[in-house]
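Trainee: Turn this into a structure:
(chains A and B)
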Protein chains: 2
Amino acid sequence: MEAALRVLDDLGLPDLTMRRLAASLDVQPSALYWHFPNKQTLLAELADRIVATRPSAGAAVDGPGEDADWADSVRAEAAALRDALLAYRDGAEVVSSTLALGLGSPDTVDRLARAVARGGFDAETSRRAATALLHFVLGHVSHEQQRLQYDSLGVLAAGDSSPLDEDDPAAAFAFGVDLLVGGLELSRSRR
Amino acid sequence: MEAALRVLDDLGLPDLTMRRLAASLDVQPSALYWHFPNKQTLLAELADRIVATRPSAGAAVDGPGEDADWADSVRAEAAALRDALLAYRDGAEVVSSTLALGLGSPDTVDRLARAVARGGFDAETSRRAATALLHFVLGHVSHEQQRLQYDSLGVLAAGDSSPLDEDDPAAAFAFGVDLLVGGLELSRSRR
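Mentor: Predicted structure coming up:
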């Protein structure tokens, strides 16, 4: 896994192949299959490592109940997830591919859902809101990482006429999370 | 462009190369460069074609002013964008790559921003909200298309233990858009 994270950081996801990984470890590719049945399983393990670098959240409320800080805890979870994804080249793509395969730890979405649930939302609403938050986070960070990548390759459009909000990605990210949290607050006030 | 859309639908974005496109047209790759300076420009043109398949929105309000239907018009724009992306294999990836390159028509984000502005939001807020909506749409649809792709390749995890809301992607998408619109409504009510 450590070698795989190094190959990911050095070459990016498209060049992280079982053959390349085996070469970096000076073993035959077949040796890797003793540890991982296939490349998807390896990517899922990588995704779990990437999201596991999030700092642990504050004390969670067990069971139902409302917590005045729920909105801040959702914002903190979303920001911690963004930081973890940004810490690895193509981190958002590794995690989104893994989720699309139905692999990886449910912890990524569970932690967001628990933060939402602290606002007194039912389990179904918390899970749906966590899913929406996750799609926003992955969409946003994947855009940020693609831009970093294109920038380092020198292929960004001259003059950078991007119509998207790029001046301060962290602020743009927080604005989007605030809208999602605000939508939850509104539905709460209408209950 | 028509040949490129066919190659995209038949083979997917990773296999849409200038060489493959030239072969499908029975010309030398160099002939393509007479029309497109590079592959990025070709992808940007593809992205513009994909989003241009959205039905045109209802009569837009010119200039500032509030419109009671602004929230519905944001929902309609987001849904139309999802439909357009889903209509082409890897549509979300083509459009997100193009946006990350700073290429493509600003129309994609402008139409969302105009719908938000109909709620009486200032230009800056409308643009930031449109950017957040776009990241959510691209994150959501890219997940949907990856799953379709993995499903057709037969590599989805057995039992499909995905922790995400997959039963009804259209409903999950609408739930996320509603949260973002709700966040705008809340900020409006606090003005």
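Trainee: other SSEs contacting the longest helix belonging to chain A?
Mentor: In chain A, assigned by DSSP state H, the helix with the most residues is helix A:123-153. Contacts defined by 3 or more C-beta pairs under 8 Å, 6 or more residues apart in numbering or on different chains; DSSP states H and E place helix A:123-153 against helix A:70-86, helix A:91-100, helix A:107-117, helix A:169-189, helix B:91-100, helix B:123-153, helix B:169-189. Heads up, the C-betas are built off the backbone N, CA and C, glycines and all.
Trainee: next one: the fifth one to chain centre, how far?
Mentor: I take that to be helix B:91-100. 7 Å (C-alpha atoms, centre = their mean, to the nearest Å).
Trainee: neighbouring contacts of that helix?
Mentor: Contact with helix B:91-100 is made by A:139, A:142-143, A:146-147, A:150, A:162-164, B:8, B:13, B:40, B:43-44, B:46-47, B:50-51, B:84-85, B:88, B:104, B:108, B:134, B:137-138, B:141-142, B:144-145, as judged by C-beta atoms under 8 Å, 6 or more residues apart in numbering or on different chains.
Trainee: rerun at 6 Å
Mentor: A:143, A:146-147, A:150, B:13, B:43-44, B:46-47, B:50, B:85, B:104, B:138, B:141-142, B:145 (C-beta atoms under 6 Å, 6 or more residues apart in numbering or on different chains).
Trainee: could the helices and strands packed on helix A:123-153 go into JSON lines alongside mean neighbour count, distance to A:Gln28 and mean pLDDT?
Mentor: Conversion of these to JSON lines gives the following (neighbours: other C-beta atoms under 10 Å in any protein chain shown; distance: least, C-beta to C-beta, whole Å; pLDDT from 0 to 100):
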{"stretch": "helix A:70-86", "mean neighbour count": "20", "distance to A:Gln28": "32", "mean pLDDT": "96"}
{"stretch": "helix A:91-100", "mean neighbour count": "25", "distance to A:Gln28": "24", "mean pLDDT": "95"}
{"stretch": "helix A:107-117", "mean neighbour count": "23", "distance to A:Gln28": "33", "mean pLDDT": "94"}
{"stretch": "helix A:169-189", "mean neighbour count": "19", "distance to A:Gln28": "42", "mean pLDDT": "96"}
{"stretch": "helix B:91-100", "mean neighbour count": "25", "distance to A:Gln28": "33", "mean pLDDT": "95"}
{"stretch": "helix B:123-153", "mean neighbour count": "21", "distance to A:Gln28": "26", "mean pLDDT": "94"}
{"stretch": "helix B:169-189", "mean neighbour count": "19", "distance to A:Gln28": "41", "mean pLDDT": "96"}
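Trainee: Which of those helices sits closest to B:Leu32?
Mentor: Nearest of those to B:Leu32, taken as C-beta to C-beta: helix B:91-100 at 17.1 Å.
Trainee: Can you show me the CA trace of the closest one as PDB?
Mentor: Taking C-alpha atoms only, helix B:91-100 is exported to PDB below (Å, rounded to 0.1, in the frame of the first residue of the first chain):
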ATOM      1  CA  GLY B  91     -20.700  13.000 -20.800                       C
ATOM      2  CA  ALA B  92     -20.000  14.300 -17.300                       C
ATOM      3  CA  GLU B  93     -16.300  13.500 -17.700                       C
ATOM      4  CA  VAL B  94     -16.000  15.300 -21.000                       C
ATOM      5  CA  VAL B  95     -17.700  18.400 -19.600                       C
ATOM      6  CA  SER B  96     -15.700  18.400 -16.300                       C
ATOM      7  CA  SER B  97     -12.400  17.900 -18.100                       C
ATOM      8  CA  THR B  98     -13.200  20.800 -20.400                       C
ATOM      9  CA  LEU B  99     -14.200  23.100 -17.500                       C
ATOM     10  CA  ALA B 100     -11.000  22.100 -15.600                       C
END
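Trainee: Chain B contacts on chain A?
Mentor: A:100-103, A:106, A:109, A:128, A:131-132, A:135-136, A:138-140, A:143, A:146-147, A:150, A:156-157, A:160-165, A:175-176, A:179-180, A:182-183, A:185-186 (C-beta under 6 Å from any C-beta of the partner chain).
Trainee: Same list (the helices and strands packed on helix A:123-153) but as JSON lines, adding distance to B:Asp26.
Mentor: What follows is those, written out as JSON lines (distance: least, C-beta to C-beta, whole Å):
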{"stretch": "helix A:70-86", "distance to B:Asp26": "43"}
{"stretch": "helix A:91-100", "distance to B:Asp26": "35"}
{"stretch": "helix A:107-117", "distance to B:Asp26": "47"}
{"stretch": "helix A:169-189", "distance to B:Asp26": "44"}
{"stretch": "helix B:91-100", "distance to B:Asp26": "24"}
{"stretch": "helix B:123-153", "distance to B:Asp26": "28"}
{"stretch": "helix B:169-189", "distance to B:Asp26": "39"}
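Trainee: Out of the ones you listed, which is closest to B:Ser56?
Mentor: Comparing these by C-beta to C-beta, helix B:123-153 comes nearest, at 17.2 Å.
Trainee: Pick out the residue of chain A closest to chain B.
Mentor: The nearest approach of chain A to chain B comes at A:Gly139, 2.5 Å away (C-beta to the nearest C-beta).
Trainee: nearest spatial neighbour of that residue, skipping sequence neighbours?
Mentor: B:Gly139 (2.5 Å; C-beta to C-beta, 6 or more residues apart in numbering or on different chains).
Trainee: Look up how far B:Asp10 lies from the residue of chain A closest to chain B.
Mentor: 26 Å (C-beta to C-beta, to the nearest Å).
Trainee: Equivalent analysis for A:Arg114, please.
Mentor: 43 Å.
Trainee: can you check A:Leu11 too?
Mentor: Taking C-beta to C-beta, one finds A:Leu11 at 28 Å from B:Asp10.
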